[in-house]
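Q: Fold the following, please.
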Amino acid sequence: MFKFIGRLFGANKVEPVQEVVRPRFDDNRIKYKPNLINELEADHKKLVELFGKIWSDAFAKRDYVATNQLITEFKSSFQAHLLAENIKFYVYLEQTLQDDPENLQIVKEFRLDMNKIARTATNFCKRYQGQFTMRHVEQFETDYKNVGKVLTQRISLEENSLYVLYKPR
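A: Alright, predicted model coming up:
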């Protein structure tokens, strides 16, 4: 009877526990992508083009439905670009510049500034998505020019000053 109870509760041979292999932290690091800068610059070109079309192809023609559609498309492309830039570019630089505190600080400041610009552009998109009222029409040109100025300055600064730091390490 006791043999039966022993067999029932596994009193027979105990199987050894296998060791679990955990990935090293290095395996989770962002890897260098040789075409990343070209991709980010292509995004910039597309974003500038889309932003220009908001005015020339829609708002200037008083086509507020098209304005809304282009703003929605711009916002979506802008957010996708920010995600790629934040993960693939900024995180990579922050990982690889740990031994270069001066450049690391510059990268962190750029990233903070970009987050502020992103909020400004996103708020612009949110404000003008949907139905246009007379108040929207009256304020649009001023807001559009302000966002356009900030974006073009930022793109130029990134491409000419920051992207040069992106190298295989």
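Q: all helices for this protein, in order.
A: Taking DSSP state H as the test, the helices found in the chain are 2-8, 36-53, 64-84, 91-96, 101-128, 134-157.
Q: Check which residues of the shortest one are buried.
A: When you say that, I think you mean helix 91-96. Along helix 91-96, these residues count as buried under the neighbour rule (16 or more other CB atoms under 10 Å): 92-93, 96. Heads up, the C-betas are built off the backbone N, CA and C, glycines and all.
Q: Please save the CA atoms from stretch 77-94 in PDB.
A: Included here for stretch 77-94 are C-alpha records, laid out as PDB according to Å, rounded to 0.1, in the frame of the first residue of the first chain:
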ATOM      1  CA  SER A  77       4.200  60.300 -40.300                       C
ATOM      2  CA  PHE A  78       5.600  62.700 -37.700                       C
ATOM      3  CA  GLN A  79       4.900  60.300 -34.800                       C
ATOM      4  CA  ALA A  80       6.300  57.300 -36.700                       C
ATOM      5  CA  HIS A  81       9.500  59.300 -37.300                       C
ATOM      6  CA  LEU A  82       9.800  60.300 -33.700                       C
ATOM      7  CA  LEU A  83       9.400  56.700 -32.600                       C
ATOM      8  CA  ALA A  84      12.200  55.600 -35.000                       C
ATOM      9  CA  GLU A  85      14.400  58.500 -34.000                       C
ATOM     10  CA  ASN A  86      13.900  58.000 -30.300                       C
ATOM     11  CA  ILE A  87      14.500  54.300 -30.300                       C
ATOM     12  CA  LYS A  88      17.000  53.600 -33.100                       C
ATOM     13  CA  PHE A  89      18.900  56.900 -32.900                       C
ATOM     14  CA  TYR A  90      18.800  58.500 -29.500                       C
ATOM     15  CA  VAL A  91      19.000  55.300 -27.500                       C
ATOM     16  CA  TYR A  92      21.900  54.000 -29.600                       C
ATOM     17  CA  LEU A  93      23.800  57.300 -29.100                       C
ATOM     18  CA  GLU A  94      23.100  57.300 -25.300                       C
END
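Q: Now tell me what touches stretch 43-60 from outside.
A: Under the contact criterion CB atoms under 8 Å, 6 or more residues apart in numbering, stretch 43-60 has outside partners 63-64, 66-67, 69-71, 73-74, 77-78, 80-81, 84, 140, 144, 147-148, 151-152, 155, 158-159.
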